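In: Next one to model:
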Amino acid sequence: MGLEHKLVQKMGQSLLMTPQLQQAIKLLQLGRLEYQEAIQKELLENPVLEENREEFESKASPSAPEGMEVGPTVLSGPLSTPDSEDSSNASSSEPKVDWEDYSENFTDYQGSASAKGASNFEDRQPPEVVATQNETLEQHLLAQIRFQDFSSEDVMIAQNIVGNLNRDGFLDCSFEELASICGCPAEDVAMVADTLRFLDPIGCCTKNLQECLLTQLEARGLSNGLESRIISSHLDKLEKRKYDAIAKTEGVTREDIARAIAMIRTLEPRPGRPFADEAVRYIVPDVYVQKVGRDFVVTLNEEGVPRLQINPMYTSLLKEAGSSQDEHKAYLTERVRAASWLIKSIQQRQQTIFRVTESIVKFQRAFFEHGVSHLKPLVLKDVADDIGMHESTVSRVTTEKYVHTPQGLFELKFFFTSGIKTDAGDISSSSVKDQIKNIIAAESPTSPISDQQIVDMLKAKNIDIARRTVAKYRETLGIPSSSQRKQIL
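Out: Below you'll find the model as predicted:
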């Protein structure tokens, strides 16, 4: 068979990921905080974009998404383009611009334009925010070390110990490793660590949980008590709640064990926890569902998200440039086009969130009326078919997007659950989890309900599931087994 080169024409279809499409997909899958940051970044980087601070009704806005009647919450940034009427009106009122002078005066300092490169400092963090930053565990301990009667060598050892603590306040390396770093005997490191473990918070700079708890008991004068013996010799039994075995080994009554355990529960197992440097992240809903009369109304939350528009001054500059071809016009044309695509992508994102939420409300109306126990099985394909979109789009929209409902605040993903077949029809797995949670919440602390008993109780409600399924749901809810939940009075 001979081989030869040929030129062949072939017709076909393919999906090209244009930069505009990539931007739309990226905005679609961002959570609210990341979405706000992305918009602020574009405002800084693109000089033709500006925030429209004027108050006006969305129905009068030419850029409101078609078919969306959500009141003043709709993103309403007008899509200004070089050929728009607004551009022609602006150009007639603006004076002629010297492009050379404009290029000299223009600066792109974080997206802001000002005369002769002048810039403001509005982006700097306000002093009150800087002043209220949380103190770290390392800073807290170093401040106390300064008041200890340490030699210069001991101070160096203490600084290295503090620098090797994990977030819980435990030492992450051995005394030998620290000794090699500090160039001193391991006994010196142990001596300094023994002093540091009694600094505030007591129990930090220890190697493990057992040593941490014993240090706190020692500080309370209970180093020889039953509590210390339990921590020293029966910590594994304590974790498994084998109270009878502990009482038999120590030769004490269950009442004595109960009092000792009550004291142990007042100890802090992770002394570094109050100094965790993680910032608290509050969840702000992306959309609201409110009951008005007999209907549920979906409203987008646009608070804190700027309405964008294209500065008419730049479109007038483009119109004045006419058919000239210079680098300044090319730059502005590209920036205006990018701004237009951004505004369209934002509108598409908000419209998609609105439509997906509206569809969820239609499928899960019983939940919005009565709560989690009435949640129905729902998959992405059901909503995708209902609104005429692809499943992947629905998946992106429901990730890290939250809705405020009469039943509470939920992620949109929450409404998509698998189904369990029962005699009365399919029931949502989330509904079953809620029932398991309620059953365990009502149990006696001294006689917790076993997984098999939960199975029998659910079967009485025509919900037939296996014991291992109950165990899996219980673990998903973060609820320990019945033996671990057992308490003694």
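In: Distance-wise, check Asp286 relative to Met389.
Out: Distance, Asp286 to Met389, by CB to CB, to the nearest Å: 17 Å. No exception for glycine: its C-beta is placed from N, CA and C like everyone else's.
In: More neighbours: which of those two?
Out: Each of Asp286 and Met389 has its neighbours counted (other CB atoms under 10 Å); Asp286 has more, 25 against 17.
In: Might you list the low-confidence residue ranges for the stretch 251-400 of the chain?
Out: 277-280, 322-325 (pLDDT under 70).
In: If we use 80, what do you get?
Out: By pLDDT under 80, the weakly predicted segments of the stretch 251-400 of the chain are 276-281, 304, 318-328.
In: Arg53: how many residues sit nearby?
Out: 8.
In: For the stretch 301-450 of the chain, which segments are assigned as helices?
Out: For the stretch 301-450 of the chain, the helices defined by DSSP state H, counting those that start in this stretch cover 312-321, 327-363, 365-370, 380-387, 391-398, 429-441.
In: Would you mind writing the CA trace of the shortest one as PDB?
Out: Coordinates of each C-alpha in helix 365-370 appear next as PDB, following Å, rounded to 0.1, in the frame of the first residue of the first chain:
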ATOM      1  CA  ARG A 365     -41.600  23.200  47.400                       C
ATOM      2  CA  ALA A 366     -42.500  20.800  50.200                       C
ATOM      3  CA  PHE A 367     -39.100  21.500  51.800                       C
ATOM      4  CA  PHE A 368     -39.700  25.200  51.800                       C
ATOM      5  CA  GLU A 369     -43.100  24.700  53.300                       C
ATOM      6  CA  HIS A 370     -42.300  22.100  56.000                       C
END
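In: Can you give me the buried ones in stretch 143-152?
Out: Residues of stretch 143-152 classed as buried: Ile145, Phe150 (neighbour count, 16 or more other CB atoms under 10 Å).
In: Can you give me the end-to-end span of that stretch?
Out: 15 Å (CA to CA, to the nearest Å).
In: Check what contacts it and list those residues.
Out: Asp154, Val155, Ala158, Gln159, Val162, Val192, Thr195, Leu196, Leu199, Asp200 (CB atoms under 8 Å, 6 or more residues apart in numbering).
In: So the second one lies in a helix, does it not?
Out: Yes - for Val155, which was evaluated using DSSP: H, G, I helix; E, B strand; the rest coil, the result is membership in a helix.
In: How much space separates it from Glu177?
Out: Relative to Glu177, and taking CB to CB, Val155 is found at 19 Å.
In: Equivalent analysis for the fifth one, please.
Out: The spacing between Val162 and Glu177, counted by CB to CB, is 15 Å.
In: what about those two, which has more around it?
Out: Shown here are Val162 and Glu177; by other CB under 10 Å, Val162 has more neighbours (22 against 15).
In: Determine how far the strand or helix carrying that one lies from the middle of the whole chain.
Out: Assigned by DSSP states H and E, Val162 falls within helix 152-163. Relative to its chain's centre, helix 152-163 lies at 36 Å (CA atoms, centre = their mean, to the nearest Å).
In: Who are the packing partners of the next helix or strand after it?
Out: Per DSSP H and E, helix 152-163 leads on to helix 175-182 as the next helix or strand towards the C-terminus. When contacts are defined as 3 or more CB pairs under 8 Å, 6 or more residues apart in numbering; DSSP states H and E, helix 175-182 packs onto helix 152-163, helix 186-196.
In: If we go by neighbour counts, what in helix 175-182 is buried?
Out: Phe175, Leu178, Ala179, Cys182.
In: Secondary structure class of His140, three-state.
Out: Quick answer, by three-state DSSP: His140 is helix.
In: Can you name the residues that contact it?
Out: Contacts of His140 by CB under 8 Å, 6+ apart are Asp200, Phe275.
In: how near is it to Val192?
Out: Distance from His140 to Val192, by CB to CB: 17 Å.
In: cool, Asp426 as well?
Out: In this view, Asp426 and Val192 are 64 Å apart by CB to CB.
In: tell me which element Glu227 is part of?
Out: Residue-wise, Glu227 maps onto helix 226-233 under DSSP H and E.
In: Determine the set of other helices and strands touching that helix.
Out: helix 209-219, helix 243-250, helix 254-264.
In: report the angle between the axes of the last one and helix 209-219?
Out: Here the directions of helix 254-264 and helix 209-219 differ by 90 degrees (axes from the mean of the first three to the mean of the last three CA atoms, to 10 degrees).
In: re earlier: so which bits of the helix holding Val162 are buried?
Out: Asp154, Met156, Ile157, Ala158, Gln159, Asn160, Ile161, Val162.
In: Skipping adjacent residues, who's closest to Val305 in space?
Out: Gln36 (6.0 Å; CB to CB, 6 or more residues apart in numbering).
In: Kindly report the same for Gln348.
Out: Ala24 (5.9 Å).
In: can you pull the contacts of the one you found?
Out: Lys344, Ser345, Gln348, Arg349.
In: cool, and Lys472?
Out: With contacts defined as CB under 8 Å, 6+ apart, Lys472 has no neighbours.
In: before we move on, what about Tyr314?
Out: With CB under 8 Å, 6+ apart, Tyr314 has these contacts: Pro47, Val48, Leu332, Arg335, Val336.
In: switch the cut-off to 6 Å
Out: Val48, Leu332 (CB atoms under 6 Å, 6 or more residues apart in numbering).
In: Please tell me how far Ala339 sits from Ile479.
Out: Counting by CB to CB, the separation of Ala339 from Ile479 is 51 Å.
In: Have a look at these two and say which one is more surrounded.
Out: Ala339 (26 against 18).
In: The more buried one touches Gln309, doesn't it?
Out: No - if you go by CB atoms under 6 Å, Ala339 and Gln309 don't touch, sitting 8.7 Å apart.
In: hang on, the earlier thing: most neighbours among the contacts of Ala24, which one is it?
Out: Of these, with other CB under 10 Å as the count, Arg349 tops at 24 neighbours.
In: That one touches Leu28, doesn't it?
Out: Yes - counting by CB under 6 Å, Arg349 does reach Leu28; the two are 5.2 Å apart.
In: tally of neighbours for the residue nearest to Leu412 when sequence neighbours are not counted?
Out: Residue nearest to Leu412 in three dimensions, not counting chain neighbours: Thr398, with 3.7 Å by CB to CB, 6+ apart. By other CB under 10 Å, 22 other residues sit near Thr398.
In: Roughly how far does Thr398 sit from Ser180?
Out: 52 Å.
In: low pLDDT regions in the stretch 51-200 of the chain?
Out: In the stretch 51-200 of the chain, residues with pLDDT under 80: 52-134.
In: same thing but 50
Out: 55-132 (pLDDT under 50).
In: Need the phi and psi values for Leu477.
Out: Main-chain dihedrals, Leu477, degrees, to the nearest 10: phi -80, psi 0.
In: before we move on, what about Phe147?
Out: phi -100, psi 0.
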